[in-house]
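Peer 1: Compute the structure for the input listed below.
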Amino acid sequence: MRTGSNAGSTNTHTGSSKDGFSRHNSGSGSGHIYIVGIGPGKKEFISDRARQCITTSQVVVGYKAYIDLITDLTADDQRVISSGMTREVERCQQVINLAAAGKTVSLVSSGDPGIYGMAGILYQMLDKADADIGVEVVPGITAANAAAASLGAPLMHDFACISLSDLLTPWSTIIKRVEMAARGDFVIALYNPKSKKRVKQIEEVRQLLLTVVSPDTPVGIVRNAKREGEEVTLSNLKEFTHHEIDMFTTVIIGNSQTYVAGKQMITPRGYRV
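Peer 2: Residues are numbered from 1 along each chain as shown. Below is the predicted model of the structure:
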């Protein structure tokens, strides 16, 4: 059964999933929560453990765009609850309520749930509610790893992941982190670099970085990393904002040792070769 975010009662289902695992029915009392990372989106990058948790859960909850990526893993006898953007708190509360009622629930998160995903907010809410519910975080491939794999080996040495979304974090904090990472000669993976409403921030980052590192520093731009329609572009710090960048893009800015060889972006770790 598929429902929107305003779904009413929770139904209890038993039986077997598509993969042959028994679907857990907790009955009354405390259930269990899986926070499942589904990686970049393509089926082949979803782990076996993630598949098992989704197929054996009684209820699957997530952002609609992510739920749409796993329709082949859900069954008619499961309750599937999807909702739109900015509904993260509501989704987590639904998951907690369902688990408290004895259900086994999968909360779907793109990429890795512990990296800009759903793990943090769910644990915060469980802590605040002092709820005694079993939780397992199922890791997934995060955007930085997916993009790096398509670029070559840009993250072989120390690196920092920084989101440019200022919806929950002040821009002054974000830009300070970018500067400190650059001064520390970290490779920088930028998440959420640009959106329809946030168009100036990525240019401000570029201008700041130009005061710290070389304009010839390699920059990798990957749109739809490990998804259909993937686009990989190699550029440099001076010119990378001339290319298409949006919310589906991950930008990886090299450090002082990063270089481009053919179509690969490489950050040496120090081996003598």
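
Peer 1: need the helices for this structure, in chain order.
Peer 2: 48-56, 64-67, 88-100, 119-129, 143-151, 171-183, 201-210 (DSSP state H).

Peer 1: okay, the ones you listed, which one's buried deepest?
Peer 2: helix 143-151 (a mean of 24; mean count of other Cβ atoms under 10 Å). Quick note: C-beta positions are derived from backbone N, CA and C, even for glycine.

Peer 1: So which residues make contact with that helix?
Peer 2: 39-40, 45, 111, 115, 154-155, 159, 161, 189, 191, 220, 222, 225-226, 230, 232, 234, 250, 252, 264-265 (Cβ atoms under 8 Å, 6 or more residues apart in numbering).

Peer 1: any idea how far it is from the chain center?
Peer 2: Here helix 143-151 is found 12 Å from its chain centre; the criterion is Cα atoms, centre = their mean, to the nearest Å.

Peer 1: and that helix, average pLDDT?
Peer 2: Taken as a whole, helix 143-151 has a mean pLDDT of 98.

Peer 1: Restricting the selection to alpha carbons, write that helix to PDB.
Peer 2: Extracted in PDB, the C-alpha atoms of helix 143-151 (Å, rounded to 0.1, in the frame of the first residue of the first chain):
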ATOM      1  CA  ALA A 143      28.100  11.700  -3.500                       C
ATOM      2  CA  ALA A 144      31.800  12.500  -2.900                       C
ATOM      3  CA  ASN A 145      32.700   8.900  -3.400                       C
ATOM      4  CA  ALA A 146      30.500   8.400  -6.400                       C
ATOM      5  CA  ALA A 147      31.900  11.600  -8.100                       C
ATOM      6  CA  ALA A 148      35.500  10.700  -7.200                       C
ATOM      7  CA  ALA A 149      35.100   7.300  -8.800                       C
ATOM      8  CA  SER A 150      34.000   8.900 -12.000                       C
ATOM      9  CA  LEU A 151      36.900  11.400 -11.900                       C
END
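
Peer 1: Can you list the buried residues in stretch 129-142?
Peer 2: Ile133, Val135, Val137, Val138, Pro139, Gly140, Ile141, Thr142 (16 or more other Cβ atoms under 10 Å).

Peer 1: end to end, how far does it reach?
Peer 2: This stretch, stretch 129-142, spans 29 Å end to end (Cα to Cα, to the nearest Å).

Peer 1: Just the residues contacting that stretch, thanks.
Peer 2: 30-40, 45-47, 49-50, 53, 96, 99-100, 109-116, 119, 122-123, 126, 161, 226.

Peer 1: ok, 7 Å please
Peer 2: If you take Cβ atoms under 7 Å, 6 or more residues apart in numbering as the criterion, stretch 129-142 is touched by 30-40, 45, 47, 49-50, 53, 96, 99-100, 111-115, 119, 126.

Peer 1: what's the answer for stretch 172-182, then?
Peer 2: Counting by Cβ under 7 Å, 6+ apart, residues outside stretch 172-182 touching it are Ala160, Ile162, Leu164, Asp166, Ile188, Glu204, Val205, Leu208, Leu209, Val212, Val213.

Peer 1: what's the farthest-apart pair in those residues?
Peer 2: Based on Cβ to Cβ, the longest span within these runs between Asp166 and Val213 and measures 22.7 Å.

Peer 1: okay, these two: which has more neighbours?
Peer 2: Val213 (18 against 15; other Cβ atoms under 10 Å).

Peer 1: residue contacts, that one?
Peer 2: So Val213 contacts Ala182, Leu237, Ser256 (Cβ under 7 Å, 6+ apart).

Peer 1: What is the burial count for the last one?
Peer 2: A count of neighbours around Ser256, defined by other Cβ under 10 Å, yields 10.

Peer 1: Could you count how many residues lie near the nearest residue to it once chain neighbours are set aside?
Peer 2: Nearest residue to Ser256, sequence neighbours excluded (Cβ to Cβ, 6 or more residues apart in numbering): Asp185, at 5.4 Å. Neighbour count of Asp185, defined by other Cβ under 10 Å: 15.
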